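Colleague: Predicted coordinates and the sequence they were generated for:
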Amino acid sequence: MRILLTGSNSLLGKALWETAPKVSSLILTFLPSAEPSQTRWETAPMDITDKAAVKHTLARFKPDWIIHCAALSDVDSCEKNPDQAYAVNVFGTENLVNTAKKAGLRFLFTSSNGIFDGKRTLYTERDKPHPLHTYGKTKLEAEQLITRSKVPSIIVRPNAMYGWPPVGARQNPVTWAVEQLSEGITLDMVSDTFISPLYAPSAAEAIWKLVKTDTRGIYHIAGKTRVSRFTWTKEIARVFGFNPSLVRPVKSGFFPNLAPRPKDTSFSTARLEQTIDWKPLTLKQGLMRMKKESDQLLHC
């Protein structure tokens, strides 16, 4: 099974190529400025917004699957640069889907919890999306064009991922908090919005099992623990050995210049658990695994 992975230099991309089944053959694509730091798999530069480049790369490697992780995912950056967000997240996805359909490929798309408005809790795949910000709107439009295309597809919606990113990738809530807390910086963290933080290798495990099952449809992937960013960051401090009193609760209105955030985009993973042999990690379990990774690197 040959699989072409976009966004291989992202947090999830790294988790996927680190945990790929031995029976698979991966082609890792990346922007020319961000080649993934690995030597096991084939690599190729590809700008998904360039239709000709997408067509050429897929014709060259002839994959069976595309796992599409490439995206502009910074919510505030997308709000400030909507044209760029649509170019990458919607039209880039369209380029891949159209080429995949013509070549008879299977397609897995990574969407987001940002497609919901946060007016309920523990969202299921049956709940109607209603995004509040540009990033969420682009992800929902990408989902819709994939569904309309009739390409054999899986849409996964990861929820607030964290883990050790590849070199050069942007930080996530845990790596940012660890860096700040290690310098003794007091953090004001929102206590009135909720998510289900997801350890990236756990997300990768679920995705590989879905690909192996060759199912179809939409699946939510999330951690087991529903928390606010404040509670999440307090747990980060405890697990990594920092002073939890450095983390202070604030209301979401404390940051008036940020793009609008939904109040609660926590997920139910019942459908995923009924489909594959996978269980969500608690927040503490995920953070402990992440800390163990860093401890092992320090002792190498």
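Modeller: Received the coordinates, thanks.

Colleague: Kindly provide the distance from His133 to Ile27.
Modeller: From His133 across to Ile27, the span is 32 Å (Cβ to Cβ, to the nearest Å). In this view, the C-beta of every residue, glycine as well, is placed from N, C-alpha and C.

Colleague: swap in His220?
Modeller: For His220, the distance to Ile27 (Cβ to Cβ) stands at 27 Å.

Colleague: Surely Ile236 is in contact with Thr175?
Modeller: No. Assessed by Cβ atoms under 8 Å, Ile236 is found out of contact with Thr175, at 9.7 Å.

Colleague: Show me which of these two is the more surrounded one.
Modeller: Per other Cβ atoms under 10 Å, whichever of Ile236 and Thr175 has more neighbours is Ile236, with 28 against 19.

Colleague: Where does the more buried one sit: helix, strand or coil?
Modeller: Secondary structure for Ile236, judged by DSSP: H, G, I helix; E, B strand; the rest coil, is helix.

Colleague: Name the nearest residue to it, sequence neighbours excluded.
Modeller: The shortest distance from Ile236 to any non-neighbouring residue, by Cβ to Cβ, 6 or more residues apart in numbering, is to Ala177 (4.7 Å).

Colleague: Low-confidence stretches in this structure?
Modeller: Counting by pLDDT under 70, the chain has low-confidence residues at 33-39, 297-300.

Colleague: how about 90 then?
Modeller: Across the chain, residues meeting the criterion (pLDDT under 90) sit at 1, 21-24, 30-42, 166-170, 214, 253-260, 293-300.

Colleague: Tell me which stretches of the stretch 101-250 of the chain form strands.
Modeller: Along the stretch 101-250 of the chain, counting by DSSP state E, counting those that start in this stretch, strands occupy 106-110, 153-158, 161-162, 187-190, 194-195, 198-199, 217-221, 227-228, 247-250.

Colleague: Include mean neighbour count and distance to Asp74 when you put the ones you listed into CSV, please.
Modeller: Listed next are the strands of the stretch 101-250 of the chain as CSV, based on neighbours: other Cβ atoms under 10 Å; distance: least, Cβ to Cβ, whole Å:
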stretch, mean neighbour count, distance to Asp74
strand 106-110, 23, 15
strand 153-158, 23, 15
strand 161-162, 27, 13
strand 187-190, 18, 17
strand 194-195, 22, 16
strand 198-199, 26, 17
strand 217-221, 22, 20
strand 227-228, 19, 21
strand 247-250, 18, 21
